[in-house]
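Engineer: Give me a model of this one.
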Amino acid sequence: MEQYHLPTLLNPLLNSIFNCPNPSNSPLKKLYASLKDKSFILLVPPTETLLNYTDTKTKIQLEDLCYHNVDFIGAHILLPPKDSISSSSSTIDDGYTRLASIEQFDTLNGDNILVKWRNNFLVLLSGSPNRQKIKIERIQVLPNFNDYLQGSTYFILVHIDKPLMKDVIRLNDELECFDTLTLHDNDGDSSPDARPLIQDMSQHERSQFENIINTNDTWNKRFKDWMNEYKDSTTAEEPNETLFKQIVAVAYNELKSNKIFKGFGHLRRLIHEYLEINLYDHLWLQITTLCALDDETKGTRIKNISIEEIDDKFYEMFPLDFITKLEKNMVRSTNSINKLNGKNSFNEKSENLIATLQILTNMDNPIGELNQENEKGANNLIDADTLINLLILIICRSEINIVDLKRNIFYLKKFNYDENLINFGILSYTISTFEIVIYSFENIVEYDKLKSYSEIIEKLIKVDDLKKVPKTIKWEQFLTFRSDTGESILFSCITNNQTEKFLDLLVDYEEIFSMDNILDDANVEGTTLLMQALIYRNFKISMVLINLLLRNCSNKQIMEYINKIDKFNRNVGHYLINELEILKIIGKYVNWKQRDLVGRTPLFTIFRGYDQPNYDEVISTVFDITLNWYAENGLKFQMSDHYDLKDNSILHILRSNIDILFTYSKRNHFEIDINKRNYKGFTPLMIYVKYHRLSNVKLILGDDRLLFNRYQRELYTTCFDYATDSTISNELGKHALQNNTVFGRIYIHSLKVRSSTNATFSLTFPLPDKENETGTVNIKVKAIISLLKVIRKKSQISLLPLDRIIKVLVKLTSKENNKIIVRKIEMLRNQSLLRRLTDCLDTLLFFDIGIDYLSLITDETKLLGWVTNENTKLKHNVNKTHGEKKSLKPEDINIIQSFLKFNVKELYNVLLNVKTLEKLLNFIHLKSIDVKESRLAFVHLVKSIKNDQIAQATNRSLEPIIEMQSLENQYYNNTLIRDELDFLKACTLILTGNIEDILRTQIPNWWKLYGELLELNKHYNKLFPPNHYNNTLATDNQHSAEVSNDVNNGGVFGGLIENQRNKAVKKLKTDIDQLKYSLEILGNEIFRKHEMLAEELNKYMEFKGVFFKKAIIRNWRRGDLEAVNDDLITFTEKTCSILRDLGIPL
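Structural biologist: Numbers count the residues shown, from 1 in each chain. Below you'll find the model as predicted:
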């Protein structure tokens, strides 16, 4: 029996469905029969799960279910959708139809599944009581390599995060060396090694308690009575904490004896919190009314205030570098206390105040202290008085006032559920601290004076010339002012473009703005003065600061200052866009490997500065500076140092001048991955095409390392799909024409389907009168269909699969094509169509058949006129015979038969080789996936080993190896080769079918007719020997005369016999003549077809050799080189990363 299968696939579900060695005797033979002519989608659970887990209910391993349980398999097979909930298609920028966002499917065993393609998950509508939600990991296209499933050439595989099962599955762990792992049908984290999260038990207990009270009418009414008792027993002006606690005690005594509440470990606290939440508005209104007489204006926000206005010795006590770090805590602390009035319970209010204090004191140090060692080695201690002053400053900068603070402190002291909380511990300390703050505001702080200071500071900030400040205002004392964002007066000068004021302050107040202070000055975002000047494009201030650095600081100090990072993790180098002169001066001090929060280095950032008028000069300069910096620091330049978090390389983002990288690469034998994909799957070439960077396109197309055929990851789009500029399209087409076609006659590279009546191809062709020049035109799909139909009717070259291509094109222009499908499958289909149509027309133009088809294809108007004329000619010539007449003899038939048998045997050998190659392609890709998945599965199991040291050590040694293996490019290349093999197979099958038609039908018919003719001649000669009638070719008159004489001599009876013989002779002669005519017609047809097939075979042999070499061997070689190149680059990057982590210099 014929073997359909490949070697065993690792995923048991895939192997059982697509790779059965003997489907007719398999336990799943009924399943195969039901799926034989159907197209379906297969949901594929993780291989690791199917191999390593068992159904806890049936005790059957999932692997066994894949091979024997039709229900389990059927639950993962989706039949074509019966409805698309969001089926209205819309056209996007590249002209392709969007997929339906939601589709509903039936599984083979009758369940309903809703698939949300854009959200990457599916929901079980039936078969699962809680509507099980499954995550879609990825979508794959599997070419059909077996002979028992014939419903589709490709099958869609939707990889999901867990199997569709109603029961719990458990890891197979006979040795009990792994952590216990289970997967449930409602598990939110469905990865095989997922651990359950630790739940907040107090929150869970609180939810249970509230649920009982809210759903139990008796207890619900009882709690309402208690709440009403408090409201009725108190006035609006006087909160009564004693009554509140008595009600809590009464409620506790009633509830603790009830069996419903036996399981609650914190029952008193739960009762307190429930009553507190429901009475909070009433309680807060009482407290607000009680404090209504207090002055609420005191402590409201002051716009311009810093710590020195409260504590004039503060800046003498602490260095500026410490203050800038403290200011960050102050901002966070202010943001925290701003939320205090929105807290509605004792727990929330206490947590807020504690957090405010802890943030300010850096949390890691004892309350009241913040130890920070300065450069001189001395500790900076924040004492209690300083802490109070800082909290006063925070209140002045916040949105709450002192009255708000008093109300919240009052609430905490009166309505707590445990007196010990406010008498001891951190909450007690926090309350005491804020009470001192309140006392200070009411008795010590001169609030009105602070407000007047704020007004003076406001004028100081806004004035452009210090000489214009009234002499009555003593503003010099406020030069140390720092805003709530940590910005000094110097910062405000830069922000307000007060250059002269900035210079005056540096010159006239050098004791305040010393070099040390300039070096340490930074706002809460970590922005230094130089960064700020660069951000605001103030070249003059920037140069002043740089000159100060160069004249007064050592190289070490300069490097430390230049490489300070702000909250975005950026150093000064990130802000050197549009500052070429500054770049030349301080570029050597910049750490060019410093990555910001999105992974961009200074080099990357400057390369992205597209608005720089002298962009090419800046790029060349900064690249040279970066290379020198690497060399001076004993480092080797690595492209991977400059990948951002979106996997863009500097080659991706260069607007022009990419030759600087290519030149450096060739000069230093440095490998650049010019085909690297970013996280969206874009290669540098795709980016250049998308953003119309023509010079880059030309340069990268001329590089031998370019992998032109790369698809965008996931979507199967190519660089042609992003080409909207005609010049760039022509450049791409020219490259493809020279490298991606067999004969270089034409290349069809784009398909735009805007509607069934508006579908066009873009094609590139060589210009006949210009060497090395090409042209690119658009032509409607319907025009191509008309051309192919005429060529088919003319039968000038029959080996091309025109019928098949015409059928696909006709469907493309029909309304049926609007049926919603997964977009990546649509893109794959279109790419395959483009390749096959290119092969077809390229081959047609290669053979010289007397018609200049190129001039027709590239001129739609001319083509349509020619099609009309040819159709008219074909209609008038429909009954005319073609070719010369030839009377074939048996020896001629034998020669033809021998010739055709020899050639058909050769063709069958070609088909056998093609089939072998197809299976080999599938095997290479699928088994490569299996190898990768087996390694990943091993690592996951290692991670779950109970011995953490073993798990961690093994994980560190294995993960770099796994990450090196990339299979995506191999799959894309295999798809291309598979399409080329398919075209060769289609051509070979057409030619084989034509030969088989002659060998199996026409030649046997000829021999049958020839045998019948021989038998009739033999019978005729036996009845009428030549001597009796002189010869068999006697004329009718001679024969009649002889018959007349015989009648006269033989009488009436003799005449009757002769008449019967005469009729027999005539019938026999008519049959002989009819056979001779049929034999002649059939012989002519055989001869004509033989002559045509001889020409076709000659063309085929010429075509096959070139096609196999250029379309298959060349692409296969490219794919292997691409895979090796990717692995080499990945290996190099991973090795360099490991060495850097180990501190080994490169």
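Engineer: Give me the buried positions along the strand or helix carrying residue 203.
Structural biologist: Per DSSP states H and E, residue 203 falls inside helix 201-215. For helix 201-215, a neighbour-count test (16 or more other C-beta atoms under 10 Å) marks 205, 206, 209, 212, 213 as buried. No exception for glycine: its C-beta is placed from N, CA and C like everyone else's.
Engineer: Check stretch 10-24 too.
Structural biologist: Residues 10, 11, 12, 13, 14, 15, 16, 17, 18, 19, 20, 23 are the ones in stretch 10-24 that count as buried (16+ other C-beta under 10 Å).
Engineer: Quick check: pLDDT value at the second one.
Structural biologist: This points to residue 11. pLDDT for residue 11: 90.
Engineer: Isn't it up against residue 47?
Structural biologist: Yes. Assessed by C-beta atoms under 8 Å, residue 11 is found in contact with residue 47 at 4.4 Å.
Engineer: tell me, what's touching the two both at once?
Structural biologist: 930, 933 (C-beta atoms under 8 Å, 6 or more residues apart in numbering).
Engineer: in the stretch 51-200 of the chain, which spans are helices?
Structural biologist: 62-68, 70-74 (DSSP state H, counting those that start in this stretch).
Engineer: most neighbours per residue, which of those helices?
Structural biologist: Highest mean neighbour count among these (mean count of other C-beta atoms under 10 Å): helix 62-68, with a mean of 19.
Engineer: can you list the domain ranges for the chain.
Structural biologist: Annotated domains of the chain cover 12-183, 201-290, 749-763+777-876, 986-1132 [automatic domain parsing].
Engineer: So what would you say the end-to-end distance of the third one is?
Structural biologist: Start to finish, the residues bounding domain 749-763+777-876 are 37 Å apart (C-alpha to C-alpha, to the nearest Å).
Engineer: how far does that domain sit from the chain's center?
Structural biologist: Centre-to-centre, domain 749-763+777-876 and its host chain are 32 Å apart (C-alpha atoms, centre = their mean, to the nearest Å).
Engineer: mind listing what residue 328 touches?
Structural biologist: Each residue near residue 328 by C-beta under 8 Å, 6+ apart is listed here: 486, 524.
Engineer: How far away from the center of its chain is whatever helix or strand it lives in?
Structural biologist: If you go by DSSP H and E, residue 328 is part of helix 320-337. Counting by C-alpha atoms, centre = their mean, helix 320-337 is centred 41 Å from the centre of its parent chain.
Engineer: Alpha carbons only: can I get it in CSV?
Structural biologist: Extracted in CSV, the C-alpha atoms of helix 320-337 (Å, rounded to 0.1, in the frame of the first residue of the first chain):
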residue,chain,number,x,y,z
LEU,A,320,22.8,70.0,46.1
ASP,A,321,23.2,66.5,44.7
PHE,A,322,21.4,65.1,47.8
ILE,A,323,18.7,67.8,47.6
THR,A,324,17.9,66.9,44.0
LYS,A,325,17.4,63.3,45.0
LEU,A,326,15.3,64.3,47.9
GLU,A,327,13.1,66.4,45.6
LYS,A,328,12.0,63.4,43.7
ASN,A,329,10.7,61.8,46.9
MET,A,330,9.0,65.1,47.7
VAL,A,331,7.1,65.1,44.4
ARG,A,332,6.0,61.5,45.0
SER,A,333,5.0,62.3,48.5
THR,A,334,3.0,65.3,47.4
ASN,A,335,1.2,63.2,44.8
SER,A,336,0.4,60.6,47.5
ILE,A,337,-1.2,63.1,50.0
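Engineer: low-confidence ranges in the stretch 951-1100 of the chain?
Structural biologist: Along the stretch 951-1100 of the chain, segments meeting pLDDT under 70 span 951-973, 1024-1055.
Engineer: again, only using 80
Structural biologist: 951-976, 1020, 1022-1065 (pLDDT under 80).
Engineer: Likewise for the stretch 351-500 of the chain?
Structural biologist: Applying pLDDT under 80 to the stretch 351-500 of the chain flags residues 362-382, 447, 467-475.
Engineer: my hunch is that residue 762 is in a strand, does that hold up?
Structural biologist: Yes. Residue 762 sits within a strand when classified using DSSP: H, G, I helix; E, B strand; the rest coil.
Engineer: Can you give me the neighbour number for it?
Structural biologist: For residue 762, the neighbour count with other C-beta atoms under 10 Å is 22.
Engineer: Which residue is the nearest non-sequential neighbour of it?
Structural biologist: Spatial nearest neighbour of residue 762, excluding adjacent residues (C-beta to C-beta, 6 or more residues apart in numbering): residue 750 at 3.8 Å.
Engineer: Would you mind measuring from the one you found to residue 225?
Structural biologist: With distances taken as C-beta to C-beta, to the nearest Å, residue 750 is found 77 Å from residue 225.
Engineer: Burial check on residue 892, number of neighbours?
Structural biologist: The burial count assigned to residue 892 is 15, neighbours taken as other C-beta under 10 Å.
Engineer: which residues touch it?
Structural biologist: Contact partners of residue 892, counting by C-beta under 8 Å, 6+ apart, are residue 1087.
Engineer: give me every residue that touches residue 411.
Structural biologist: Listed by C-beta under 8 Å, 6+ apart, the contact set of residue 411 reads 283, 284, 287, 346, 349.
Engineer: Okay, and it sits in which element?
Structural biologist: Using DSSP H and E, the element containing residue 411 is helix 402-414.
Engineer: Quick check: buried residues in that helix?
Structural biologist: So for helix 402-414, counting by 16+ other C-beta under 10 Å, buried means 402, 403, 404, 405, 406, 407, 408, 409, 411, 412, 414.
Engineer: contacting residues around the closest residue in space to residue 76 that isn't next to it in sequence?
Structural biologist: Take residue 76 and drop its neighbours on the chain: the residue closest to it by C-beta to C-beta, 6+ apart is residue 43, 4.2 Å away. Contact analysis of residue 43 by C-beta under 8 Å, 6+ apart lists 76, 77, 78, 122, 134, 158, 160, 164.
Engineer: Farthest-apart pair in those residues, please.
Structural biologist: Longest distance between any two of the contacts of residue 43 is 14.5 Å, between 77 and 134; criterion C-beta to C-beta.
Engineer: Point out the other helices and strands that the longest helix along the chain packs with.
Structural biologist: Counting by DSSP state H, the longest helix found in the chain is helix 1036-1107. Contacts defined by 3 or more C-beta pairs under 8 Å, 6 or more residues apart in numbering; DSSP states H and E place helix 1036-1107 against helix 823-846, helix 890-943, helix 968-997, helix 1003-1023.
Engineer: which other residues reach the shortest one?
Structural biologist: This points to helix 1003-1023. Contacting residues not belonging to helix 1003-1023 are listed as 888, 890, 893, 896-897, 1032, 1061, 1064-1065, 1068-1069, 1071-1072, 1075-1076, 1078-1079, 1082-1083, 1086 [C-beta under 8 Å, 6+ apart].
Engineer: now do 10 Å
Structural biologist: Here helix 1003-1023 makes contact (C-beta atoms under 10 Å, 6 or more residues apart in numbering) with 888-890, 893-894, 896-897, 900-901, 997-998, 1032, 1061, 1064-1065, 1068-1069, 1071-1083, 1085-1086, 1090.
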